[in-house]
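>>> sequence? don't have it. structure:
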């Protein structure tokens, strides 16, 4: 059984806060099945954007786990805003969570697949 998006995001935020980081919901989408995008802000102000991986990227051994792909790596917020605006025209029911990780690295917070 796959977790609802709002539950998954609440758990992500709790983990980030528990490790000394910060997280905030920037955009609320559909509670049950909205896509989740995660903006990771580094200490230098640079950002990375992680979005849902293609369906072909999912691990058949763990089909319920959310998979992400890095869409912007160490870029500017303008790049992220442009991609999210494009997504909003396609599907307005997505979530955006901005994270400043604490002790936990992003690779330990999200299941990231290579495109």
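That came through, no problem. Because the structure is a prediction, the values reported are computed rather than measured.

>>> low-confidence ranges in this structure?
For the chain, the stretches with pLDDT under 70 are 1-2, 55-64, 115.

>>> quick one, what contacts the spatially most central residue of the chain?
When C-alpha atoms, centre = their mean is applied to the chain, the residue found nearest the centroid is residue 38 (2.4 Å). Residues near residue 38 by C-beta atoms under 8 Å, 6 or more residues apart in numbering: 12, 49, 50, 51, 68, 96, 97, 98, 99, 109, 110. Placement of C-beta: from N, CA and C, glycine included.

>>> by contact count, what packs against the lengthiest strand in the chain?
Ranked by residue count under DSSP state E, the longest strand found in the chain is strand 67-75. Using 3 or more C-beta pairs under 8 Å, 6 or more residues apart in numbering; DSSP states H and E, the elements in contact with strand 67-75 are strand 47-52, helix 77-90, strand 111-112.

>>> need the winner for burial among those.
A comparison of those by mean neighbour count, using mean count of other C-beta atoms under 10 Å, puts strand 47-52 on top with a mean of 20.

>>> hmm, who's touching that one?
Taking C-beta under 8 Å, 6+ apart as the rule, strand 47-52 contacts 35-42, 66-77, 79-80, 83-84, 87, 106, 110, 112.
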